[in-house]
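In: sequence unknown, structure follows:
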(Lines give C-alpha, C1' and ligand atoms only; values in the text may rest on other atoms or scores of the structure.)
Protein backbone atom coordinates (compact mmCIF):
# COMPACT_ATOMS: atom_id res chain seq x y z
CA UNK A 1 0.00 0.00 0.00
CA UNK A 2 1.36 3.42 -0.92
CA UNK A 3 1.46 6.07 1.75
CA UNK A 4 -1.82 7.93 1.76
CA UNK A 5 -2.17 11.55 2.61
CA UNK A 6 -4.99 13.91 3.46
CA UNK A 7 -4.50 17.62 2.89
CA UNK A 8 -7.25 19.98 3.98
CA UNK A 9 -6.95 22.80 1.47
CA UNK A 10 -8.11 26.38 1.95
CA UNK A 11 -9.42 27.88 -1.31
CA UNK A 12 -9.81 31.38 0.09
CA UNK A 13 -12.96 33.48 -0.28
CA UNK A 14 -13.63 32.74 -3.95
CA UNK A 15 -11.50 34.22 -6.72
CA UNK A 16 -8.58 32.24 -8.12
CA UNK A 17 -6.25 35.17 -7.47
CA UNK A 18 -6.67 34.55 -3.71
CA UNK A 19 -5.80 30.83 -3.85
CA UNK A 20 -2.22 30.33 -2.62
CA UNK A 21 0.28 28.48 -4.83
CA UNK A 22 0.63 25.91 -2.03
CA UNK A 23 -3.11 25.19 -2.21
CA UNK A 24 -2.90 24.88 -6.00
CA UNK A 25 -0.02 22.41 -5.66
CA UNK A 26 -1.88 20.34 -3.07
CA UNK A 27 -4.87 20.11 -5.42
CA UNK A 28 -2.66 19.13 -8.38
CA UNK A 29 -1.03 16.33 -6.38
CA UNK A 30 -4.32 14.78 -5.26
CA UNK A 31 -5.81 11.65 -6.77
CA UNK A 32 -9.12 12.37 -5.03
CA UNK A 33 -10.66 15.76 -4.30
CA UNK A 34 -13.57 15.96 -1.88
CA UNK A 35 -15.64 18.95 -0.89
CA UNK A 36 -18.89 20.82 -0.58
CA UNK A 37 -20.51 21.21 -4.02
CA UNK A 38 -20.06 24.98 -4.17
CA UNK A 39 -16.30 24.75 -3.49
CA UNK A 40 -15.68 21.79 -5.77
CA UNK A 41 -17.48 23.69 -8.54
CA UNK A 42 -14.64 26.24 -8.52
CA UNK A 43 -12.07 23.63 -9.53
CA UNK A 44 -10.89 22.35 -12.90
CA UNK A 45 -9.92 18.73 -12.28
CA UNK A 46 -6.87 17.24 -13.96
CA UNK A 47 -7.24 14.06 -16.05
CA UNK A 48 -7.64 11.05 -13.79
CA UNK A 49 -8.61 13.00 -10.70
CA UNK A 50 -11.70 11.77 -8.90
CA UNK A 51 -14.02 14.52 -7.68
CA UNK A 52 -16.48 13.76 -4.89
CA UNK A 53 -18.88 16.58 -4.12
CA UNK A 54 -21.26 16.54 -1.18
CA UNK A 55 -23.73 18.78 0.62
CA UNK A 56 -23.06 21.60 3.04
CA UNK A 57 -24.43 19.98 6.18
CA UNK A 58 -22.41 16.76 6.15
CA UNK A 59 -18.96 17.95 7.23
CA UNK A 60 -18.28 14.97 9.48
CA UNK A 61 -19.35 12.45 6.82
CA UNK A 62 -17.12 14.19 4.30
CA UNK A 63 -14.18 14.20 6.72
CA UNK A 64 -14.69 10.49 7.42
CA UNK A 65 -14.83 9.72 3.70
CA UNK A 66 -11.61 11.68 3.12
CA UNK A 67 -9.82 9.90 5.97
CA UNK A 68 -10.99 6.52 4.74
CA UNK A 69 -9.60 7.18 1.25
CA UNK A 70 -6.30 8.42 2.70
CA UNK A 71 -6.06 5.29 4.87
CA UNK A 72 -6.45 3.23 1.68
CA UNK A 73 -3.31 4.88 0.33
CA UNK A 74 -4.87 7.66 -1.73
CA UNK A 75 -3.62 11.21 -2.06
CA UNK A 76 -6.71 13.09 -0.91
CA UNK A 77 -7.43 16.83 -0.97
CA UNK A 78 -10.41 17.95 1.09
CA UNK A 79 -11.29 21.48 0.00
CA UNK A 80 -12.68 24.21 2.20
CA UNK A 81 -13.66 27.82 1.60
CA UNK A 82 -11.52 30.53 3.17
CA UNK A 83 -9.04 29.09 5.66
CA UNK A 84 -9.82 25.47 6.54
CA UNK A 85 -8.98 26.08 10.20
CA UNK A 86 -11.54 28.87 10.75
CA UNK A 87 -15.13 27.61 11.10
CA UNK A 88 -14.41 25.12 8.34
CA UNK A 89 -13.35 21.57 7.49
CA UNK A 90 -10.08 21.11 9.40
CA UNK A 91 -11.73 20.82 12.83
CA UNK A 92 -14.22 18.30 11.40
CA UNK A 93 -11.30 16.15 10.22
CA UNK A 94 -9.73 16.03 13.67
CA UNK A 95 -13.12 15.33 15.27
CA UNK A 96 -13.44 12.35 12.91
CA UNK A 97 -9.91 11.19 13.76
CA UNK A 98 -10.57 11.43 17.50
CA UNK A 99 -13.64 9.18 17.26
CA UNK A 100 -12.28 7.02 14.43
CA UNK A 101 -10.04 3.94 14.15
CA UNK A 102 -6.70 4.19 16.01
CA UNK A 103 -4.85 3.74 12.71
CA UNK A 104 -6.00 7.16 11.52
CA UNK A 105 -3.65 8.72 14.08
CA UNK A 106 -0.71 7.47 12.02
CA UNK A 107 -1.97 9.12 8.82
CA UNK A 108 -0.19 11.98 7.08
CA UNK A 109 -2.70 14.81 7.60
CA UNK A 110 -1.83 18.34 6.51
CA UNK A 111 -3.63 21.66 6.52
CA UNK A 112 -3.01 24.30 3.83
CA UNK A 113 -3.99 27.74 5.15
CA UNK A 114 -5.93 30.29 3.14
CA UNK A 115 -7.34 33.80 3.24
CA UNK A 116 -10.31 33.60 5.60
CA UNK A 117 -13.49 35.60 4.93
CA UNK A 118 -12.91 38.31 7.53
CA UNK A 119 -9.55 39.23 6.00
CA UNK A 120 -11.09 39.52 2.53
CA UNK A 121 -14.01 41.57 3.85
CA UNK A 122 -11.71 43.85 5.82
CA UNK A 123 -9.45 44.42 2.84
CA UNK A 124 -12.36 45.70 0.75
CA UNK A 125 -13.14 48.60 3.07
CA UNK A 126 -9.82 49.56 4.65
CA UNK A 127 -8.38 48.07 7.82
CA UNK A 128 -11.16 47.47 10.36
CA UNK A 129 -9.21 44.56 11.92
CA UNK A 130 -6.17 46.77 12.54
CA UNK A 131 -6.38 46.30 16.30
CA UNK A 132 -7.38 43.50 18.71
CA UNK A 133 -10.35 41.54 17.38
CA UNK A 134 -12.35 38.36 17.76
CA UNK A 135 -14.20 36.00 15.45
CA UNK A 136 -17.48 34.42 16.51
CA UNK A 137 -19.72 32.05 14.59
CA UNK A 138 -23.39 32.86 15.13
CA UNK A 139 -24.50 29.38 14.11
CA UNK A 140 -26.28 27.75 17.02
CA UNK A 141 -26.35 24.39 15.29
CA UNK A 142 -23.18 23.40 17.14
CA UNK A 143 -23.41 25.45 20.32
CA UNK A 144 -26.17 26.90 22.51
CA UNK A 145 -27.32 30.47 21.95
CA UNK A 146 -26.55 31.26 25.60
CA UNK A 147 -22.85 30.71 24.96
CA UNK A 148 -22.94 32.90 21.85
CA UNK A 149 -24.72 35.65 23.78
CA UNK A 150 -22.21 35.47 26.62
CA UNK A 151 -19.27 35.70 24.23
CA UNK A 152 -20.79 38.67 22.39
CA UNK A 153 -21.31 40.54 25.67
CA UNK A 154 -17.76 39.88 26.91
CA UNK A 155 -16.29 40.71 23.48
CA UNK A 156 -18.12 44.04 23.51
CA UNK A 157 -16.91 44.75 27.05
CA UNK A 158 -13.35 43.91 25.97
CA UNK A 159 -13.78 46.44 23.14
CA UNK A 160 -12.72 43.96 20.48
CA UNK A 161 -13.52 44.53 16.85
CA UNK A 162 -15.94 41.65 16.25
CA UNK A 163 -16.12 39.53 13.09
CA UNK A 164 -19.32 37.49 12.84
CA UNK A 165 -19.26 34.33 10.71
CA UNK A 166 -22.47 32.49 9.71
CA UNK A 167 -24.59 35.46 10.80
CA UNK A 168 -27.88 34.12 9.50
CA UNK A 169 -29.43 31.35 7.46
CA UNK A 170 -32.93 30.44 6.36
CA UNK A 171 -33.23 28.17 9.38
CA UNK A 172 -32.25 30.92 11.81
CA UNK A 173 -32.87 34.37 10.32
CA UNK A 174 -33.07 36.15 13.66
CA UNK A 175 -29.62 35.35 15.14
CA UNK A 176 -28.07 38.53 13.78
CA UNK A 177 -30.85 40.72 15.21
CA UNK A 178 -30.32 39.20 18.64
CA UNK A 179 -26.56 39.65 18.29
CA UNK A 180 -26.91 43.32 17.34
CA UNK A 181 -29.26 43.85 20.30
CA UNK A 182 -26.59 42.54 22.67
CA UNK A 183 -23.89 44.70 21.10
CA UNK A 184 -26.10 47.83 21.06
CA UNK A 185 -26.49 47.55 24.83
CA UNK A 186 -22.73 48.01 25.23
CA UNK A 187 -21.40 49.79 22.14
CA UNK A 188 -22.25 53.19 20.68
CA UNK A 189 -24.88 53.42 17.93
CA UNK A 190 -22.35 55.26 15.73
CA UNK A 191 -19.98 52.26 15.73
CA UNK A 192 -19.08 51.38 12.11
CA UNK A 193 -20.51 48.09 10.84
CA UNK A 194 -19.52 46.32 7.62
CA UNK A 195 -21.83 43.87 5.88
CA UNK A 196 -19.67 42.05 3.34
CA UNK A 197 -21.53 39.64 1.14
CA UNK A 198 -19.51 37.36 -1.16
CA UNK A 199 -16.33 39.46 -0.86
CA UNK A 200 -14.13 39.01 -3.91
CA UNK A 201 -16.79 37.20 -5.96
CA UNK A 202 -18.69 38.55 -8.99
CA UNK A 203 -21.78 39.21 -6.87
CA UNK A 204 -19.84 41.00 -4.12
CA UNK A 205 -22.05 43.43 -2.20
CA UNK A 206 -20.51 45.48 0.60
CA UNK A 207 -22.41 47.88 2.83
CA UNK A 208 -20.83 50.26 5.31
CA UNK A 209 -23.29 51.34 7.99
CA UNK A 210 -23.48 51.80 11.76
CA UNK A 211 -24.59 49.64 14.64
CA UNK A 212 -27.58 51.91 15.15
CA UNK A 213 -28.71 51.82 11.53
CA UNK A 214 -27.67 48.38 10.33
CA UNK A 215 -30.48 46.59 8.56
CA UNK A 216 -30.24 42.86 8.89
CA UNK A 217 -32.76 41.67 6.33
CA UNK A 218 -30.10 41.45 3.61
CA UNK A 219 -27.68 39.41 5.74
CA UNK A 220 -27.43 35.75 4.77
CA UNK A 221 -25.04 32.84 5.21
CA UNK A 222 -22.68 34.28 2.59
CA UNK A 223 -22.29 37.54 4.53
CA UNK A 224 -19.41 38.33 6.85
CA UNK A 225 -20.24 41.02 9.40
CA UNK A 226 -17.64 43.20 11.11
CA UNK A 227 -18.65 45.39 14.06
CA UNK A 228 -16.08 48.01 15.00
CA UNK A 229 -14.54 48.69 18.41
CA UNK A 230 -14.91 52.06 20.14
CA UNK A 231 -11.85 53.20 18.15
CA UNK A 232 -12.98 52.06 14.68
CA UNK A 233 -13.72 55.02 12.43
CA UNK A 234 -15.04 55.78 8.97
CA UNK A 235 -12.93 58.15 6.88
CA UNK A 236 -15.00 60.18 4.46
CA UNK A 237 -13.62 60.44 0.95
CA UNK A 238 -13.25 63.50 -1.25
CA UNK A 239 -14.66 61.93 -4.38
CA UNK A 240 -18.01 60.66 -3.20
CA UNK A 241 -16.74 57.10 -2.89
CA UNK A 242 -17.67 54.87 0.03
CA UNK A 243 -15.73 55.76 3.17
CA UNK A 244 -12.72 53.80 4.32
CA UNK A 245 -13.16 52.04 7.66
CA UNK A 246 -10.18 51.37 9.87
CA UNK A 247 -9.15 50.72 13.45
CA UNK A 248 -5.97 52.54 14.54
CA UNK A 249 -3.05 50.49 15.82
CA UNK A 250 -2.91 52.53 19.01
CA UNK A 251 -5.40 52.67 21.88
CA UNK A 252 -5.71 54.62 25.11
CA UNK B 1 -0.25 63.51 -13.95
CA UNK B 2 -1.11 59.81 -14.31
CA UNK B 3 -3.43 58.29 -11.75
CA UNK B 4 -1.40 57.06 -8.81
CA UNK B 5 -2.28 54.09 -6.74
CA UNK B 6 -1.22 52.64 -3.40
CA UNK B 7 -1.74 48.94 -2.79
CA UNK B 8 -0.91 47.57 0.65
CA UNK B 9 0.19 44.03 -0.14
CA UNK B 10 0.16 41.09 2.25
CA UNK B 11 3.10 38.74 1.63
CA UNK B 12 1.88 36.07 4.03
CA UNK B 13 4.03 34.47 6.72
CA UNK B 14 7.15 33.95 4.62
CA UNK B 15 7.35 31.28 1.93
CA UNK B 16 6.56 32.16 -1.68
CA UNK B 17 4.00 29.33 -1.84
CA UNK B 18 1.81 31.31 0.59
CA UNK B 19 1.85 34.56 -1.42
CA UNK B 20 -1.45 34.92 -3.30
CA UNK B 21 -1.42 35.46 -7.09
CA UNK B 22 -3.21 38.78 -6.46
CA UNK B 23 -0.33 39.94 -4.26
CA UNK B 24 2.20 38.85 -6.89
CA UNK B 25 0.29 40.81 -9.55
CA UNK B 26 0.13 43.92 -7.37
CA UNK B 27 3.90 43.74 -6.88
CA UNK B 28 4.54 43.25 -10.60
CA UNK B 29 2.44 46.30 -11.47
CA UNK B 30 4.20 48.62 -9.04
CA UNK B 31 6.78 51.19 -10.08
CA UNK B 32 7.80 51.67 -6.45
CA UNK B 33 7.87 49.03 -3.71
CA UNK B 34 8.22 50.16 -0.10
CA UNK B 35 8.55 48.05 3.01
CA UNK B 36 10.35 46.94 6.12
CA UNK B 37 13.82 45.60 5.21
CA UNK B 38 13.01 41.99 6.16
CA UNK B 39 9.94 41.88 3.90
CA UNK B 40 11.52 43.72 0.98
CA UNK B 41 14.43 41.24 1.16
CA UNK B 42 12.02 38.45 0.12
CA UNK B 43 11.31 40.12 -3.23
CA UNK B 44 13.00 39.93 -6.61
CA UNK B 45 12.43 43.34 -8.18
CA UNK B 46 11.66 43.65 -11.87
CA UNK B 47 13.85 45.89 -14.06
CA UNK B 48 13.03 49.54 -13.44
CA UNK B 49 11.27 48.99 -10.14
CA UNK B 50 12.40 51.23 -7.31
CA UNK B 51 12.76 49.48 -3.96
CA UNK B 52 12.68 51.54 -0.79
CA UNK B 53 13.43 49.57 2.38
CA UNK B 54 13.09 51.02 5.85
CA UNK B 55 13.28 49.96 9.49
CA UNK B 56 10.70 48.12 11.57
CA UNK B 57 9.73 50.93 13.90
CA UNK B 58 8.80 53.58 11.34
CA UNK B 59 5.42 52.36 10.04
CA UNK B 60 3.85 55.82 9.93
CA UNK B 61 6.82 57.36 8.11
CA UNK B 62 6.71 54.52 5.59
CA UNK B 63 2.97 54.93 5.09
CA UNK B 64 3.41 58.68 4.56
CA UNK B 65 6.19 58.09 2.05
CA UNK B 66 4.03 55.59 0.16
CA UNK B 67 1.05 57.96 0.07
CA UNK B 68 3.25 60.82 -1.10
CA UNK B 69 4.57 58.77 -4.01
CA UNK B 70 1.06 57.64 -4.95
CA UNK B 71 -0.16 61.26 -4.86
CA UNK B 72 2.64 62.08 -7.33
CA UNK B 73 1.08 59.61 -9.76
CA UNK B 74 3.20 56.53 -8.99
CA UNK B 75 2.01 52.95 -8.79
CA UNK B 76 3.13 52.10 -5.26
CA UNK B 77 3.12 48.76 -3.47
CA UNK B 78 3.65 48.88 0.28
CA UNK B 79 4.49 45.39 1.47
CA UNK B 80 3.54 43.87 4.79
CA UNK B 81 4.11 40.47 6.36
CA UNK B 82 1.09 38.22 6.83
CA UNK B 83 -2.16 40.03 6.18
CA UNK B 84 -1.68 43.82 5.96
CA UNK B 85 -4.89 44.43 7.91
CA UNK B 86 -3.89 42.44 11.02
CA UNK B 87 -1.41 44.27 13.27
CA UNK B 88 0.38 45.48 10.15
CA UNK B 89 0.74 48.29 7.62
CA UNK B 90 -2.83 48.89 6.40
CA UNK B 91 -3.98 50.63 9.60
CA UNK B 92 -0.86 52.83 9.53
CA UNK B 93 -1.77 53.95 5.99
CA UNK B 94 -5.26 55.04 7.04
CA UNK B 95 -3.85 56.77 10.14
CA UNK B 96 -1.56 58.72 7.81
CA UNK B 97 -4.46 59.56 5.50
CA UNK B 98 -6.61 60.77 8.39
CA UNK B 99 -3.94 63.22 9.57
CA UNK B 100 -2.62 63.99 6.08
CA UNK B 101 -3.54 66.41 3.27
CA UNK B 102 -7.23 66.31 2.22
CA UNK B 103 -6.20 65.30 -1.30
CA UNK B 104 -5.06 61.90 -0.04
CA UNK B 105 -8.72 61.00 0.50
CA UNK B 106 -9.21 60.97 -3.26
CA UNK B 107 -6.35 58.51 -3.83
CA UNK B 108 -6.83 54.98 -5.15
CA UNK B 109 -5.85 52.94 -2.08
CA UNK B 110 -6.24 49.16 -2.08
CA UNK B 111 -5.48 46.37 0.35
CA UNK B 112 -4.45 42.89 -0.84
CA UNK B 113 -5.18 40.34 1.90
CA UNK B 114 -2.80 37.57 2.88
CA UNK B 115 -2.40 34.58 5.17
CA UNK B 116 -1.92 36.05 8.63
CA UNK B 117 0.49 34.44 11.12
CA UNK B 118 -2.13 32.79 13.32
CA UNK B 119 -3.59 30.89 10.35
CA UNK B 120 -0.16 29.62 9.35
CA UNK B 121 0.71 28.65 12.93
CA UNK B 122 -2.63 26.89 13.39
CA UNK B 123 -2.25 24.97 10.13
CA UNK B 124 1.04 23.49 11.30
CA UNK B 125 -0.44 21.75 14.33
CA UNK B 126 -4.03 20.92 13.36
CA UNK B 127 -7.01 23.22 13.83
CA UNK B 128 -6.70 25.09 17.14
CA UNK B 129 -8.72 28.04 15.74
CA UNK B 130 -11.64 25.75 14.82
CA UNK B 131 -14.02 27.56 17.16
CA UNK B 132 -14.54 31.15 18.36
CA UNK B 133 -11.23 32.93 18.89
CA UNK B 134 -9.60 36.30 19.38
CA UNK B 135 -6.33 37.94 18.36
CA UNK B 136 -4.52 40.27 20.74
CA UNK B 137 -1.23 42.09 20.23
CA UNK B 138 0.87 42.10 23.40
CA UNK B 139 2.89 45.10 22.29
CA UNK B 140 2.38 47.91 24.76
CA UNK B 141 4.13 50.40 22.53
CA UNK B 142 0.77 51.52 21.15
CA UNK B 143 -1.58 50.80 24.04
CA UNK B 144 -1.37 50.66 27.84
CA UNK B 145 -0.71 47.33 29.56
CA UNK B 146 -3.89 47.78 31.61
CA UNK B 147 -5.99 47.51 28.45
CA UNK B 148 -4.12 44.40 27.33
CA UNK B 149 -4.60 42.81 30.76
CA UNK B 150 -8.30 43.61 30.76
CA UNK B 151 -8.78 42.11 27.30
CA UNK B 152 -6.88 38.95 28.24
CA UNK B 153 -9.05 38.46 31.31
CA UNK B 154 -12.32 38.98 29.43
CA UNK B 155 -11.12 36.77 26.55
CA UNK B 156 -10.35 33.99 29.00
CA UNK B 157 -13.77 34.40 30.65
CA UNK B 158 -15.42 34.26 27.21
CA UNK B 159 -13.53 30.99 26.64
CA UNK B 160 -12.06 32.16 23.34
CA UNK B 161 -9.08 30.47 21.81
CA UNK B 162 -6.51 33.27 22.08
CA UNK B 163 -3.87 34.12 19.46
CA UNK B 164 -1.14 36.40 20.78
CA UNK B 165 0.77 38.55 18.29
CA UNK B 166 3.99 40.37 19.21
CA UNK B 167 4.30 38.34 22.42
CA UNK B 168 7.74 39.62 23.41
CA UNK B 169 10.64 41.68 22.21
CA UNK B 170 14.02 42.65 23.60
CA UNK B 171 12.49 45.86 24.90
CA UNK B 172 9.68 44.05 26.75
CA UNK B 173 10.64 40.43 27.45
CA UNK B 174 8.22 40.02 30.33
CA UNK B 175 4.86 40.75 28.62
CA UNK B 176 4.23 37.11 27.80
CA UNK B 177 4.88 36.01 31.39
CA UNK B 178 2.38 38.56 32.65
CA UNK B 179 -0.12 37.44 30.00
CA UNK B 180 0.23 33.78 30.94
CA UNK B 181 -0.23 34.68 34.62
CA UNK B 182 -3.56 36.36 33.80
CA UNK B 183 -4.71 33.39 31.72
CA UNK B 184 -3.60 30.81 34.33
CA UNK B 185 -5.87 32.47 36.87
CA UNK B 186 -8.89 31.62 34.70
CA UNK B 187 -7.97 28.69 32.47
CA UNK B 188 -6.86 25.16 33.34
CA UNK B 189 -3.13 24.36 33.51
CA UNK B 190 -3.66 21.51 31.03
CA UNK B 191 -4.89 23.92 28.31
CA UNK B 192 -2.89 23.31 25.12
CA UNK B 193 -0.51 26.10 24.13
CA UNK B 194 1.28 26.43 20.79
CA UNK B 195 4.48 28.43 20.42
CA UNK B 196 4.98 28.88 16.69
CA UNK B 197 8.19 30.61 15.73
CA UNK B 198 8.68 31.57 12.08
CA UNK B 199 5.91 29.26 10.81
CA UNK B 200 6.55 28.27 7.21
CA UNK B 201 10.11 29.61 7.13
CA UNK B 202 13.33 27.56 7.02
CA UNK B 203 13.97 28.17 10.72
CA UNK B 204 10.42 27.22 11.75
CA UNK B 205 10.28 25.99 15.34
CA UNK B 206 6.95 24.87 16.76
CA UNK B 207 6.39 23.72 20.34
CA UNK B 208 3.19 22.18 21.66
CA UNK B 209 2.93 22.51 25.41
CA UNK B 210 0.39 23.45 28.08
CA UNK B 211 -0.49 26.65 29.89
CA UNK B 212 0.94 25.19 33.08
CA UNK B 213 4.24 24.14 31.56
CA UNK B 214 4.86 26.73 28.84
CA UNK B 215 8.34 28.18 29.04
CA UNK B 216 8.51 31.71 27.76
CA UNK B 217 12.26 32.26 27.47
CA UNK B 218 12.27 31.11 23.83
CA UNK B 219 9.39 33.38 22.79
CA UNK B 220 10.44 36.37 20.71
CA UNK B 221 8.89 38.84 18.29
CA UNK B 222 8.81 36.22 15.53
CA UNK B 223 6.70 33.86 17.64
CA UNK B 224 2.94 33.52 17.40
CA UNK B 225 1.36 32.06 20.53
CA UNK B 226 -1.99 30.27 20.58
CA UNK B 227 -3.65 29.46 23.91
CA UNK B 228 -6.51 26.99 23.67
CA UNK B 229 -10.04 27.33 24.99
CA UNK B 230 -11.50 24.91 27.53
CA UNK B 231 -12.46 22.67 24.57
CA UNK B 232 -9.10 22.66 22.77
CA UNK B 233 -7.47 19.24 22.90
CA UNK B 234 -4.25 17.51 21.93
CA UNK B 235 -4.66 14.25 19.99
CA UNK B 236 -1.82 11.84 20.60
CA UNK B 237 -0.42 10.12 17.54
CA UNK B 238 0.37 6.47 17.00
CA UNK B 239 3.75 7.00 15.45
CA UNK B 240 5.50 9.11 18.06
CA UNK B 241 4.93 12.31 16.10
CA UNK B 242 3.92 15.55 17.80
CA UNK B 243 0.24 15.57 18.73
CA UNK B 244 -2.39 17.33 16.68
CA UNK B 245 -4.12 20.21 18.46
CA UNK B 246 -7.64 21.18 17.54
CA UNK B 247 -10.75 22.88 18.85
CA UNK B 248 -14.02 21.13 18.00
CA UNK B 249 -16.66 23.02 16.05
CA UNK B 250 -19.28 22.25 18.69
CA UNK B 251 -19.53 23.52 22.26
CA UNK B 252 -21.82 22.91 25.20
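Out: Done, it's in. For clarity, every value in this text was computed on a predicted model and none was experimentally measured. Residues are numbered from 1 along each chain as shown, chains lettered A, B, ... in the order given.
In: from here on, just use CA atoms for contacts and neighbour counts.
Out: Will do.
In: give the bridge partners for residue A:8, please.
Out: Here residue A:8 sits in beta bridges with residue A:78, residue A:111, going by DSSP bridges.
In: residues near the residue of the stretch 101-250 of chain A found nearest chain B, how many?
Out: With C-alpha to the nearest C-alpha as the measure, residue A:134 is the residue of the stretch 101-250 of chain A nearest to chain B, at 3.8 Å. By other C-alpha atoms under 10 Å in any protein chain shown, the residues close to residue A:134 number 27.
In: in which helix or strand would I find it?
Out: Secondary-structure element containing residue A:134, defined by DSSP states H and E: strand A:133-137.
In: all helices for the stretch 151-252 of chain A, in order.
Out: Along the stretch 151-252 of chain A, counting by DSSP state H, counting those that start in this stretch, helices occupy A:175-184.
In: quick revisit: could you find the closest non-adjacent residue to the residue of the stretch 101-250 of chain A closest to chain B?
Out: Spatial nearest neighbour of residue A:134, chain neighbours left out: residue B:134 (3.8 Å); criterion: C-alpha to C-alpha, 6 or more residues apart in numbering or on different chains.
In: could you pull up the residues touching the one you found?
Out: By C-alpha atoms under 8 Å, 6 or more residues apart in numbering or on different chains, the contact list for residue B:134 reads A:132-135, B:155, B:160-163.
In: change it to 7 Å
Out: Applying C-alpha atoms under 7 Å, 6 or more residues apart in numbering or on different chains, one finds that residue B:134 lies in contact with A:133-135, B:160-163.
In: quick one: contacts for residue A:233?
Out: A:192, A:245-247.
In: show me what the residue nearest to residue A:134 bridges to in the sheet.
Out: residue A:134, residue B:162.
In: if we can go back for a sec, among the contacts of residue A:233, who's most crowded?
Out: residue A:246 (30 neighbours).
In: that one against residue A:128, yeah?
Out: Yes. Residue A:246 is in contact with residue A:128 according to C-alpha atoms under 7 Å; the separation is 4.0 Å.
In: need the overlap of contacts for the two.
Out: Both residue A:246 and residue A:128 are contacted by residue A:232, under the criterion C-alpha under 7 Å, 6+ apart.
In: show me which of the contacts of residue B:134 are buried.
Out: Buried residues within the contacts of residue B:134, counting neighbours by 16 or more other C-alpha atoms under 10 Å in any protein chain shown: A:133-135, B:160-163.
In: sorry, back to before: where's the residue nearest to residue A:134 relative to residue A:165, distance?
Out: 13 Å (C-alpha to C-alpha, to the nearest Å).
In: now swap in residue A:35 and tell me
Out: Applying C-alpha to C-alpha, the value for residue A:35 to residue A:165 is 20 Å.
In: who's more crowded, these two?
Out: For residue A:35 versus residue A:165, the count of surrounding residues by other C-alpha under 10 Å is larger for residue A:35: 26 against 22.
In: mind listing the residues bridging to the more buried one?
Out: Bridge pairing for residue A:35 - DSSP bridges - gives residue A:53.
In: run the chain-centre distance for the strand holding residue A:134.
Out: Centroid separation for strand A:133-137 versus its chain: 10 Å, with C-alpha atoms, centre = their mean, to the nearest Å.
In: what about that strand, average pLDDT?
Out: Averaged across strand A:133-137, the pLDDT comes to 98.
In: how much space between the nearest residue to residue A:213 once chain neighbours are set aside and residue B:98?
Out: Spatial nearest neighbour of residue A:213, excluding adjacent residues (C-alpha to C-alpha, 6+ apart): residue A:189 at 7.6 Å. As judged by C-alpha to C-alpha, residue A:189 and residue B:98 stand 22 Å apart.
In: using JSON lines, please lay out the contacts of residue A:233 together with distance to residue A:119.
Out: Putting these into JSON lines (distance: C-alpha to C-alpha, whole Å) gives the following:
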{"residue": "A:192", "distance to residue A:119": "17"}
{"residue": "A:245", "distance to residue A:119": "13"}
{"residue": "A:246", "distance to residue A:119": "13"}
{"residue": "A:247", "distance to residue A:119": "14"}
